[in-house]
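In: Sequence and computational prediction follow.
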Amino acid sequence: MTRLKLSGSLRRRIAQLKGASLIFVGVTLGIILSAQLFCASLAAAQPAVVVTMSDAPPRFIPDKITAKVGQTVEWKNTGHTIHDVTTKPGPIVKADQVAVPAGAQPFDSGFLAPGKSFSYTFTVPGSYRYICIPHQADGMTGEVDVSK
Ligand SMILES: [Cu+2]
């Protein structure tokens, strides 16, 4: 095996290149890691499921979804009229039209103007049935089945 005889200046240049490439690798890894962390935080902030609220016909799309405990569902009013999401029985909402599992608090978005949205994070597993108050007579109802 023969070894190349390198001059001192060439050795120093190679050492400099090695140092520079190590810095490059370090910076590249740093960029990749921070991009991954950024994506992970985006994923955590994004709802598990998005349900749109449409006008014609008045519907929740999709009207039946599943979610895991801790996940957030977002309802978006993509229509041109007011919609709402409620699991709360009241003067207008009959008790048998809505349901939440034992131990869960009913929720109500209030009236959502076009373009507005409502998010709810499910913490109790079970079956949730909700309606849109202005369009309950039109069959605008939905269901979320939440598993552990
Ligand atoms: Cu509606």
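Out: That came through, no problem.
In: Now do the helices in this protein.
Out: Along the chain, the stretches classed as helices by DSSP state H are 8-45.
In: quick one, domains of it?
Out: 1-46, 49-147 (automatic domain parsing).
In: Compare the mean pLDDT across the ones you listed and name the weakest.
Out: For those, mean pLDDT drops lowest on domain 1-46, to a mean of 57.
In: Those residues of the protein touching the ion, which are they?
Out: In this structure, the chain approaches the ion at residues 58, 83, 132, 135, 140, judged by Cβ under 5 Å from the ion. All C-beta spots, glycine's among them, are computed from the backbone N, C-alpha and C.
In: shouldn't Val144 be in contact with Thr66?
Out: Yes. The criterion here is Cβ atoms under 8 Å, and Val144 meets it with Thr66 at 7.3 Å.
In: which of the two has more neighbours?
Out: For Val144 versus Thr66, neighbours defined as other Cβ atoms under 10 Å are more numerous around Val144 (24 against 13).
In: Who are the contact partners of the residue nearest to Phe122 when sequence neighbours are not counted?
Out: Excluding the flanking residues, the one nearest Phe122 by Cβ to Cβ, 6 or more residues apart in numbering is Val146, at 4.4 Å. By Cβ atoms under 8 Å, 6 or more residues apart in numbering, the residues touching Val146 are 66-69, 71, 101, 122, 124-128.
In: again, only using 6 Å
Out: 67, 122, 125 (Cβ atoms under 6 Å, 6 or more residues apart in numbering).
In: now swap in Ile92 and tell me
Out: Going by Cβ under 6 Å, 6+ apart, Ile92 touches Ile133.
In: which other residues reach stretch 130-139?
Out: Under Cβ under 6 Å, 6+ apart, the answer for stretch 130-139 is 58, 83-87, 92, 97-98, 140-142.
In: what's the closest of those to Gln105?
Out: The nearest member of these to Gln105, counting by Cβ to Cβ, is Thr87 at 8.9 Å.
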